[in-house]
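Enquirer: Structure, please.
(one chain, ligands or ions: 1)
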Amino acid sequence: MKKPIPKLNRPRRTPGTKAGEVRLVAAALILRPGEAGDEVLVCQRKPDQPMALKWEFPGGKIEAGESAEQALKRELNEELGIDAEIGRPLIRIRHNYRNGGAVDLQFFVVRSFAGELDNRIFNEMRWMGFEKLPHMDFLAADLGLIKDLADGKISVS
Ligand SMILES: Nc1nc2c([nH]c(=O)n2[C@H]2C[C@H](O)[C@@H](COP(=O)(O)OP(=O)(O)OP(=O)(O)O)O2)c(=O)[nH]1
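Expert: Numbering: from 1, shown residues only. Model prediction:
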């Protein structure tokens, strides 16, 4: 007798992401002056999150009815306890993750905020010079951006 053809495994998606759905996300390059130029705040995802322990820029999903700037201001308040002044849009990146989820990321520059940085959701946070970013294990969607920042091909000024 012929063996039944095994079903192909469905691609594993980020929980909460439907097939074909694009996550609209806003994220911040929070900058401070360092001794050798600007430093940027980078954050590490928790071990129990999807894409565990990867590094990213703080931010999150844009909810219905929000502008990207409004969403980012809300997320930075929830994640870091700060009231951020959202600066200029830097770059917009669309990326298809291998698990089937797609993201549309809008990055903004943040140079000023009120309040003390308080790590409320991340495994770890660090201030880093741009040249060091390519040595961190960043989310795949961010790899082009961090390389361009490290190579000085994208300016944040
Ligand atoms: N914040 C942030 N998210 C990024 C970056 N790069 C990147 O691919 N992403 C992806 C990871 C996630 O799939 C998505 C952000 O959604 P999320 O689920 O982590 O954030 P959220 O705050 O909406 O969290 P949740 O409500 O879904 O739990 O964008 C980045 O640099 N920063």
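Enquirer: ok, Ala114 touching Gly81?
Expert: No. Counting by C-beta atoms under 8 Å, Ala114 stays clear of Gly81, with 10.2 Å between them. Using the backbone N, CA and C atoms, a C-beta is placed for each residue, glycine as well.
Enquirer: Tell me which of those two has more neighbours.
Expert: When Ala114 and Gly81 are compared on other C-beta atoms under 10 Å, the one with more neighbours turns out to be Gly81, at 14 against 8.
Enquirer: Enumerate every residue touching that one.
Expert: For Gly81, the contacting residues are 115-118, 120, by C-beta atoms under 8 Å, 6 or more residues apart in numbering.
Enquirer: out of these, which is most surrounded?
Expert: For the contacts of Gly81, the largest neighbour count, defined by other C-beta under 10 Å, is 16 neighbours, found at Leu117.
Enquirer: By residue count, what's the longest helix in this protein?
Expert: helix 68-80 (DSSP state H).
Enquirer: Can you give the distance of the biggest strand by length in the chain from its chain's centre?
Expert: The longest strand of the chain (DSSP state E) is strand 22-34. Average the C-alpha atoms of strand 22-34, do the same for its chain, and the two points are 7 Å apart (C-alpha atoms, centre = their mean, to the nearest Å).
Enquirer: Next, the buried residues of that strand.
Expert: Residues 23-31 are the ones in strand 22-34 that count as buried (16 or more other C-beta atoms under 10 Å).
Enquirer: all helices for this structure, in order.
Expert: Under the criterion DSSP H, the chain carries helices at the ranges 68-80, 143-150.
Enquirer: The ligand: which of those helices is closest?
Expert: Closest of the helices of the chain to the ligand is helix 68-80, at 5.8 Å (criterion: C-beta to the nearest ligand atom).
Enquirer: which residues in this protein form strands?
Expert: Taking DSSP E as the test, the strands found in the chain are 22-34, 37-44, 55-56, 59-61, 83-85, 89-96, 102-110, 112-114, 124-129.
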